[in-house]
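Enquirer: fold the following.
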Amino acid sequence: MQQYHGTVLLNQWVSSRYKHLAVHAPGITTGCTAGQFFHLRCADGFVPLLRRPMSIYRIVPKQDEIHFLYHVKGAGTQLLGEMQQGDRLDMFGPLGHGFTLDPKWKNILILARGVGLATLAPLVQLAGEQGVKVYAVLSARTESDILSATYMRDCGAEVITVTDESGTSGVDDVHPMLEALIEMHEVDALFTCGSKRLTYLLQSLALKYNLPGQVAVEENMGCGMGMCYCCVKQFNHNGTPVNLRVCKDGPVFSLKEVMNL
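Expert: Model prediction:
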């Protein structure tokens, strides 16, 4: 983990609710992996006092760039949304433990919704670089909110989109779709982020098919480094409930250990 003072390359609207932020800083991609996050200072003053955690959306080592895709909805992200090209951004990172890919895996399935589309995008990038085939089911309120589909396809993923507006995003609709993908493509592992109900669905399928899985857990954070303990959640570790810090011990956890999201 290191502090960077990056230069904003772009900070533009990509839908009615989401913005795409790209930042350059020498060496900023060093040690970065899919599933990790940066802690961003949204303004120079003391309001808001706390930084905002932001999952990595893209990692571009050759250009020393980190990209974020974020939902503008609160005081912090509204201030972040006002930043212009050329502005300086104070950042800590990369933070937390990210996703891992077993060298033996050939096919993986990802299930993402909302901001989880951004969190899982660099995993698709990593899988493509390692020759792992990705089958992605992406869920959102509307088709315009499914912002990572084109990028994931460019990385080699086969993408299926489901939305609330089309009536295809319910658990009863997604469940048979996931089972068909798992069985048809001999999926080796499952990954998810962005929805409690879809996480529990994927967890049940991991148990049914005896598959490993990983989930990036979303939680409000204070320090982002494990010192304030405001992001503690309970997990099931070998049958025993344990309290873990999402920022420090995660944000990526074993899918089978998730409970009480």
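Enquirer: surely Phe99 and Leu126 touch.
Expert: Yes - the pair Phe99 and Leu126 qualifies as a contact (Cβ atoms under 8 Å) at a distance of 7.5 Å. Heads up, the C-betas are built off the backbone N, CA and C, glycines and all.
Enquirer: which neighbours do those two share?
Expert: Shared contacts of Phe99 and Leu126, defined by Cβ atoms under 8 Å, 6 or more residues apart in numbering, comprise 33-34.
Enquirer: and those two? Which one has more around it.
Expert: More crowded of Phe99 and Leu126, by other Cβ atoms under 10 Å: Phe99, with 24 against 20.
Enquirer: who touches that one in this structure?
Expert: Applying Cβ under 8 Å, 6+ apart, the residues contacting Phe99 are 33-35, 123, 126, 191, 214, 216, 252.
Enquirer: that one and Gly128, how far apart?
Expert: Using Cβ to Cβ, to the nearest Å, one gets 14 Å for the distance from Phe99 to Gly128.
Enquirer: ok, of the contacts of Phe99, which one's closest to Asn238?
Expert: If you rank those by distance to Asn238 using Cβ to Cβ, Gln214 comes first, at 17.0 Å.
Enquirer: per-residue pLDDT, that closest one?
Expert: As summarised for this prediction, Gln214 has a pLDDT of 97.
Enquirer: number of nearby residues for it?
Expert: Neighbours around Gln214, by other Cβ under 10 Å: 27.
Enquirer: now swap in His97 and tell me
Expert: By the other Cβ under 10 Å criterion, the neighbourhood of His97 contains 17 residues.
Enquirer: how about the helices in the stretch 101-250 of the chain?
Expert: 116-129, 149-154, 171-185, 196-209, 246-249 (DSSP state H, counting those that start in this stretch).
Enquirer: which of the ones you listed sits most buried?
Expert: With neighbours taken as mean count of other Cβ atoms under 10 Å, the helices of the stretch 101-250 of the chain reach their highest mean count in helix 116-129, at a mean of 25.
Enquirer: any chance of the helices of the stretch 101-250 of the chain in TSV, with mean pLDDT and distance to Val72 too?
Expert: Formatted as TSV, the helices of the stretch 101-250 of the chain follow (pLDDT from 0 to 100; distance: least, Cβ to Cβ, whole Å):
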stretch	mean pLDDT	distance to Val72
helix 116-129	95	13
helix 149-154	94	20
helix 171-185	96	27
helix 196-209	94	22
helix 246-249	89	22
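Enquirer: mind putting the ones you listed in a markdown table, distance to Ile108 included?
Expert: Written out in a markdown table, the entries for the helices of the stretch 101-250 of the chain read as follows (distance: least, Cβ to Cβ, whole Å):
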| stretch | distance to Ile108 |
| --- | --- |
| helix 116-129 | 6 |
| helix 149-154 | 12 |
| helix 171-185 | 9 |
| helix 196-209 | 12 |
| helix 246-249 | 23 |
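Enquirer: low-confidence ranges, the chain, go.
Expert: Residues of the chain meeting the criterion pLDDT under 70: 45-47, 49, 260-261.
Enquirer: in it, which strand is the longest?
Expert: Longest strand of the chain, by residue count under DSSP state E: strand 2-13.
Enquirer: mind giving me the packing neighbours of it?
Expert: The elements that strand 2-13 packs onto, with contact taken as 3 or more Cβ pairs under 8 Å, 6 or more residues apart in numbering; DSSP states H and E, are strand 18-24, strand 88-95.
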